[in-house]
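J.: sharing a model that was predicted from the sequence below.
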Amino acid sequence: MWIVWEHYQRIFYENALPEPIQVNGIVTKGSDATILSREACGGVIFNLTDETVSAIRQRGLSFFLSARQGRGYLEDTREAYYYSYAEWQETPIPGGWVGGEGIFSLSLTCMKNSNAMDKAISEALKLPGTYYTRARESELVVIPSLKIAVLAYFG
């Protein structure tokens with residue numbers, strides 16, 4: 001049963017990523033969700049493929065022009081609006097995302113990452129070369145320097 005649940009979660013999270021963002025596994029994931037709760041915060045950190053990292057480094061922000069819809073939630077599906085992403089931007093991240101009350105920071109806290117991982121992500125958010133977008137109840141950050149994509153949700 002556990003293997004089936006892990007497989008389902010991996011597919012669910014990967015389907016939330018736009019097609020151009022290719023990954024080869026999950027680094028870590030976590031949430032404060034319970035069986036009785038409808039709302040949760042948390043997220044997943046994916047390992048980017050070498051091809052994706054290379055393409056982002058070559059094309060920069062233009063890599064993300066077609067990365068606006070989760071691959072498993074095409075525009076004609078009921079869930080599509082949850083996985084429709086705003087226009088991508090390059091870091092530094094805007095105010096309101098990080099810090100004590102920042103939604104992205106709160107989502108990372110719910111994931112219970114290592115301090116080293118959270119620090120590396122926080123540092124990457126301050127420098128150019130990281131890319132980010134939002135959906136209805138989530139944020140998606142791609143950090144080529146760390147070879148990761150972070151899908152964080154709150155709601």
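T.: Yep, it's here.
J.: wasn't residue 149 part of a strand?
T.: Yes. Residue 149 forms part of a strand when assessed by DSSP: H, G, I helix; E, B strand; the rest coil.
J.: tell me the spacing between it and residue 121.
T.: Per CB to CB, to the nearest Å, residue 149 is found 11 Å from residue 121. Every C-beta, even on glycine, is put in place using the N, C-alpha and C of the backbone.
J.: any residues in contact with both of the two?
T.: In terms of CB atoms under 8 Å, 6 or more residues apart in numbering, residue 149 and residue 121 are both contacted by the residues 141, 143.
J.: distance of residue 41 from residue 89?
T.: 22 Å.
J.: okay, these two: which has more neighbours?
T.: Regarding residue 41 and residue 89, a neighbour count based on other CB atoms under 10 Å identifies residue 41 as having more, with 21 against 15.
J.: I'd say the more buried one and residue 104 touch.
T.: No. Residue 41 is beyond contact range of residue 104, at 10.3 Å (criterion: CB atoms under 8 Å).
J.: ok, residues contacting stretch 77-92?
T.: Stretch 77-92 is contacted by residues 15-16, 18, 60-61, 64-65, 67-70, 72-75, 124-138, 140 when judged by CB under 8 Å, 6+ apart.
J.: C-alpha coordinates for it, CSV please?
T.: Taking C-alpha atoms only, stretch 77-92 is exported to CSV below (Å, rounded to 0.1, in the frame of the first residue of the first chain):
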residue,chain,number,x,y,z
THR,A,77,-9.8,19.9,-17.3
ARG,A,78,-11.6,20.8,-14.1
GLU,A,79,-8.4,21.2,-12.1
ALA,A,80,-6.5,23.2,-14.7
TYR,A,81,-6.9,26.6,-13.0
TYR,A,82,-5.0,25.3,-9.9
TYR,A,83,-2.0,24.5,-12.2
SER,A,84,-2.1,27.5,-14.5
TYR,A,85,1.0,29.6,-13.8
ALA,A,86,1.5,33.3,-14.1
GLU,A,87,4.3,34.8,-16.2
TRP,A,88,7.7,33.6,-15.1
GLN,A,89,10.2,36.1,-13.6
GLU,A,90,13.8,36.0,-12.6
THR,A,91,15.0,36.6,-9.0
PRO,A,92,15.5,38.3,-6.7
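J.: tell me how far that stretch lies from the chain's centre.
T.: Here stretch 77-92 shows a centroid-to-chain-centroid distance of 10 Å under the convention CA atoms, centre = their mean, to the nearest Å.
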